[in-house]
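A.B. asks: turn this into a structure:
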Amino acid sequence: MTQALPFANLRIVLVQTYHPGNIGSAARAMKTMGLTDLVLVNPRVFPDEEATRLAAGAADVVENARVVERLEDAIDDCVRVVGASARLRSLPLPHYDEPDEMAQALVKDAVHDPVALVFGRERFGLTNDEIRLCSHQVSIPANPDYGILNLSQAVQVLAYELRRAWRRLPCPDIDVAVDSNTDTDTDTDSVATSGTPSRLRQPTREQVAHFQAHLGRVMRDSGFITQPHARTEEQLQALFARATPTRKELSLLRGLLSSLETHLPTSSDDRQD
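C.D. replies: Presented below is the predicted three-dimensional model:
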């Protein structure tokens, strides 16, 4: 496995970009730092000549960009999703105060699995609902009296931090070897795809979302929550984001919830997760 693999797993997501030229400028910022995986969520205009023109030598990044309708479609397979935004103190999600801390965490996970860095609209960034789809938040510590960055500048700053973190990886083959003492009871998609048993890997955003839905259903059916209470569920979401359970641990938690459900009255909610 080459040292470039973590970069192949580092995804930049732009949500509802208004000006196509900003897509090109962001692609140029990405390629300068070695990033190539660009996903566009419902852009106003794309493809567009302005995007290609402002990409300059990074036209390939623009041409290979994937366009999706929903943010979930861009990030469901990612094990860590960081929303770049001004700090939203009303939301309890873990927050990286320093971009280098964010970059180290993303690059570490990207050695084995896809991760994403999400940027919002030019005028008002990400909505609260979009931030809730992320596992973490990050802010750029700019001048508090004038902390205004355009989209491509924000991409450039954080892409630079990702490259710095990648350059500090201990060695290029850190994700190749599998410890000979590793338990042989591995999941079917384990070593073949990443060099790490899947039970030790982080769950994807989609897997975490299914767990959170399952937990919410059990809390409602058990009477722990008697009415819609988004704050409680947000706080539990933040708790599990900080705890970073592995796929195996998340599976154990879901097994526990399923066992508890057998002792609860049948709910009107469909139990399909």
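
A.B. asks: pretty sure Lys248 sits against Leu200.
C.D. replies: Yes: the pair Lys248 and Leu200 qualifies as a contact (CB atoms under 8 Å) at a distance of 7.2 Å. The way it works is simple: take the backbone N, C-alpha and C, and place the C-beta from them, glycine included.

A.B. asks: Arg66: what's it in contact with?
C.D. replies: Contacts for Arg66 were tallied using CB atoms under 8 Å, 6 or more residues apart in numbering; they are Leu38, Val39, Leu40, Ala74.

A.B. asks: and Leu5, what pLDDT?
C.D. replies: pLDDT for Leu5: 58.

A.B. asks: distance check, the closest residue in space to Glu206 that isn't next to it in sequence against Asn22.
C.D. replies: Leaving aside its sequence neighbours, Glu206 sits nearest to Asp76 (CB to CB, 6 or more residues apart in numbering; 3.9 Å). With the distance defined as CB to CB, to the nearest Å, Asp76 ends up 25 Å from Asn22.

A.B. asks: more neighbours, those two?
C.D. replies: Shown here are Asp76 and Asn22; by other CB atoms under 10 Å, Asn22 has more neighbours (22 against 19).

A.B. asks: what residues sit buried inside the helix or strand that contains the more buried one?
C.D. replies: Assigned by DSSP states H and E, Asn22 belongs to helix 20-32. Residues of helix 20-32 classed as buried by neighbour count (16 or more other CB atoms under 10 Å): 20-32.

A.B. asks: now stretch 90-103
C.D. replies: Neighbour-count burial for stretch 90-103, with 16+ other CB under 10 Å as criterion, is recorded at Leu91, Pro92, Leu93, Pro94, His95, Tyr96, Pro99, Met102, Ala103.

A.B. asks: can you pull out the helices in the stretch 51-200 of the chain?
C.D. replies: Using DSSP state H, counting those that start in this stretch, the helices of the stretch 51-200 of the chain run over 59-63, 71-75, 99-110, 128-132, 151-167, 191-194.

A.B. asks: tell me the SS of Val13?
C.D. replies: Using DSSP: H, G, I helix; E, B strand; the rest coil, the structure places Val13 in strand.

A.B. asks: hmm, it is touching Ala74, no?
C.D. replies: Yes: in this structure, Val13 is within contact of Ala74 by CB under 8 Å, at 4.7 Å.

A.B. asks: give me the common contacts of these two.
C.D. replies: Common contacts of Val13 and Ala74, defined by CB under 8 Å, 6+ apart, comprise Val39, Val41, Ala116, Val118.

A.B. asks: just the residues you listed: which are in strands?
C.D. replies: Val39, Val41, Ala116, Val118 (DSSP state E).

A.B. asks: now, the most widely separated pair of those?
C.D. replies: Val41 and Ala116 (10.9 Å; CB to CB).

A.B. asks: between those two, who's got more neighbours?
C.D. replies: The residue with more neighbours, out of Val41 and Ala116, is Ala116; 27 against 23, by other CB under 10 Å.

A.B. asks: list the contacts of the more buried one.
C.D. replies: Under the criterion of CB under 8 Å, 6+ apart, the neighbours of Ala116 are Arg11, Ile12, Val13, Val39, Ala74, Ile75, Cys78, Arg80, Val81, Val82.

A.B. asks: ok so, going back, columns distance to Ala241 and neighbour count on top of the contacts of Arg66, output as a markdown table?
C.D. replies: Output for the contacts of Arg66, formatted as a markdown table (distance: CB to CB, whole Å; neighbours: other CB atoms under 10 Å):
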| residue | distance to Ala241 | neighbour count |
| --- | --- | --- |
| Leu38 | 25 | 23 |
| Val39 | 21 | 19 |
| Leu40 | 25 | 23 |
| Ala74 | 18 | 26 |
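
A.B. asks: now the helix or strand hosting Ala213 and strand 115-119, what's the angle there?
C.D. replies: Element membership for Ala213, per DSSP H and E: helix 205-221. Relative orientation of helix 205-221 versus strand 115-119 (axes from the mean of the first three to the mean of the last three CA atoms, to 10 degrees): 80 degrees.
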